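> Take a look and give me a structure for this.
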Amino acid sequence: MNINNYNTWIFDLDNTLYSAETGIFDQVDVLMGEFISKHLNLDIVEAKKIQKKFFKQFGTTLKGLMDEYNIEPEYFLEEVHKLDYSIVKADPLLKSSIEKLNGNKIIYTNANRSHVNEILKRLKMENIFDNVYDITDANYIPKPDLSSYQKLVEKYKIDAHKTIMFDDIARNLIPASKLGFTTVWIDVGRENYSDDIDNSRKYLNYETTNLPLWLNSIIKE
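Sure, this is the predicted structure:
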């Protein structure tokens with residue numbers, strides 16, 4: 001791969017810029033279940049069923065709750081991001097690798113801006129990225145809805161054929177590939193109930209279990 005052929009680098013946030021082993025998204029998962037249980041007056045078992053169903057059907061649990069139950073999105077996002085961020089640690093190799101990439105570096109996430117800011121602060125990467133495209137920028141239409149990607153392309157005047165996108169959820173890379181992005185799947189080594197890896201695989205240009213090492217390898221080519 002010749003990195004000089006690319007001028008836009010799009011990164012997912014959760015389980016991509018930090019390891020899934022930190023447990024941050026496990027915390028989010030628990031808080032989502034508790035939120036649904038409380039606000040829909042369900043026991044936790046039924047709440048978790050709805051959580052998983054909406055995540056798979058709508059791309060985010062939030063989108064399902066908005067469409068089916070008129071849940072106010074900012075309230076939901078505030079409640080499910082009351083996290084212990086101290087477990088996210090800086091990754092000097094990742095920071096160094098991303099700094100060396102030429103062009104526009106964008107975070108594209110189904111989370112909100114405050115969550116992004118907290119993660120970047122812990123990673124010591126506050127000034128590395130040029131733009132953040134979060135769930136509010138996408139009008140709460142999450143990945144993998146194609147319209148959200150199209151809005152991203154339009155907003156930042158992206159040349160799709162000079163763009164690479166990284167995500168730990170393989171099916172989130174399908175629309176990216178259809179638009180012409182080069183795609184890199186971050187295999188975190190654990191099952192994600194919203195994913196469909198088998199049907200996504202033909203849309204994946206590259207796979208890695210270690211993003212900083214992968215970036216470092218292409219920089220040295």
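
> can you pull the buried residues of the lowest-mean-pLDDT helix or strand in the chain?
Across the helices and strands of the chain, mean confidence by mean pLDDT, DSSP states H and E is lowest for helix 197-200: a mean of 81. By neighbour count with 16 or more other Cβ atoms under 10 Å, helix 197-200 contains the buried residues Ser200. Backbone N, C-alpha and C define where each C-beta goes, glycine included.

> Next secondary structure element downstream of it?
Using DSSP states H and E, the helix or strand that directly follows helix 197-200 along the chain is strand 206-208.

> tell me what that next one is packed against?
strand 182-186 (3 or more Cβ pairs under 8 Å, 6 or more residues apart in numbering; DSSP states H and E).

> Can you pull out the residues in contact with the strand it packs on?
Residues outside strand 182-186 that contact it (Cβ atoms under 8 Å, 6 or more residues apart in numbering) are 6, 12, 15-16, 163-168, 170, 173, 176-177, 200, 203-209, 211, 214.

> one more time with 6 Å, if that's ok
16, 164-166, 168, 170, 173, 176-177, 204-207, 211 (Cβ atoms under 6 Å, 6 or more residues apart in numbering).

> ranges for the helices of this protein?
24-39, 44-58, 61-69, 73-80, 92-99, 113-123, 146-156, 173-179, 197-200, 211-220 (DSSP state H).

> Could you say which one of the ones you listed comes nearest to Ala138?
helix 146-156 (4.3 Å; Cβ to Cβ).
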